[in-house]
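Quick one, what's the 3D model for this:
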Amino acid sequence: MNTMTLWHISGWGFAALAAAALVVGFSKTAVSGANTVSLAVFAAVLPARASTGILLPILILGDVLAVRAYRRHAHWPTLWRLFPAVALGVVGGTLFLFWADDGLVRISIGAILLVMAGVTVWRRRRAEAADEPDAVATRAGRVKARSYGVLGGFTTMVANAGGPVMSMYLLSAGFRKLGFLGTSAFFFLIVNVSKVPFSVGLGLIDGRSLLLDAALAVFVVPGALIGTWAVGRIDQRLFERLVIAATVVGAVELLLS
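Numbering: from 1, shown residues only. As a prediction, the model looks like this:
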């Protein structure tokens, strides 16, 4: 069965999806948040609602590759702190998908990401000026973890756009590059796998979507290899700037699409 005929995808459309799959692999192993560009490409080439179900298995493959590369660097206390709030966000996102149209979903997530990027930059500058303690260890840090967790669960459920939200949280909590990537890898592997039953129940994942995923999965691997090669050549400050820039670009893409 020809997946391109099945989805009425042109040669250029498939090339765009393949490039987006490669970006997923790169973002999972190098610059988290960059896969919002992939989200926008999938939504442009495919029906917007269906694109979220097709993209999810691609993201899971990227998560597996990232866990393999950075598994020793995960910070599990942070993960356990986030998961209950994320579960609430996923449930809320599922309910939201029952009545919200594509336009409202994009605008809501794009606005949230822009606000998060602005808040993160502001908090980091204030912390540097005041020499504040690590945000993870404070009471305010616990409240922030719950807030980001709910938003991350919500955005990852409705549009697979939780990456930038969690990137902003991990940056604001002071994670260094490898700790950031290891914690993020396990977080999204667990969360994305848990989303599969919800996506199947909403009709977003079916035999047709998995067939297209199988054709695109091969492009995720080289992206991940490029990412693991590149991350060792990116210093911490540049890494943080790239993550924030990718978040802003992804938010603008969502607002304008």
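
And the helices in the chain?
3-6, 11-29, 35-45, 48-70, 76-99, 102-130, 139-159, 162-172, 177-201, 207-216, 220-231, 236-256 (DSSP state H).

and those, which one is worst for confidence?
Mean pLDDT is lowest for helix 3-6 among those, at a mean of 54.

Could I get the helices of the chain in TSV, plus columns for mean neighbour count?
Glycine gets a C-beta too; all of them are placed from N, C-alpha and C. As requested, those are exported to TSV (neighbours: other Cβ atoms under 10 Å):
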stretch	mean neighbour count
helix 3-6	13
helix 11-29	21
helix 35-45	24
helix 48-70	22
helix 76-99	16
helix 102-130	17
helix 139-159	21
helix 162-172	27
helix 177-201	20
helix 207-216	17
helix 220-231	19
helix 236-256	18
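
what residues are up against the most centrally placed residue in the chain?
Taking Cα atoms, centre = their mean, the centroid of the chain lies closest to residue 163, which sits 2.5 Å from it. Residue 163 is in contact with 27, 32, 33, 35, 36, 156, 184, 188, counting by Cβ atoms under 8 Å, 6 or more residues apart in numbering.

The first one contacts residue 230, doesn't it?
No - using Cβ atoms under 8 Å, residue 27 makes no contact with residue 230, being 11.0 Å away.

For residue 209, give its distance to residue 150.
27 Å (Cβ to Cβ, to the nearest Å).

For residue 49, state which of the contacts of residue 163 is nearest.
Within the contacts of residue 163, proximity to residue 49 (Cβ to Cβ) peaks at residue 156, which comes in at 15.6 Å.

Skipping adjacent residues, who's closest to the closest one in space?
Spatial nearest neighbour of residue 156, excluding adjacent residues (Cβ to Cβ, 6 or more residues apart in numbering): residue 162 at 2.8 Å.

Wait, the one you found touches residue 150, no?
No - using Cβ under 8 Å, residue 162 is not in contact with residue 150, being 10.7 Å away.

any idea how far the nearest residue to residue 42 once chain neighbours are set aside is from residue 163?
The shortest distance from residue 42 to any non-neighbouring residue, by Cβ to Cβ, 6+ apart, is to residue 51 (4.0 Å). Using Cβ to Cβ, residue 51 is found at 16 Å from residue 163.

what sits against residue 20?
Counting by Cβ under 8 Å, 6+ apart, residue 20 touches 37, 38, 41, 42.

give me every residue that touches the second one.
If I follow you right, that is residue 38. Here residue 38 is in contact with 20, 21, 23, 24, 27, 55, 58 (Cβ under 8 Å, 6+ apart).

make it 7 Å
By Cβ atoms under 7 Å, 6 or more residues apart in numbering, the contact set of residue 38 is 20, 23, 24, 55.
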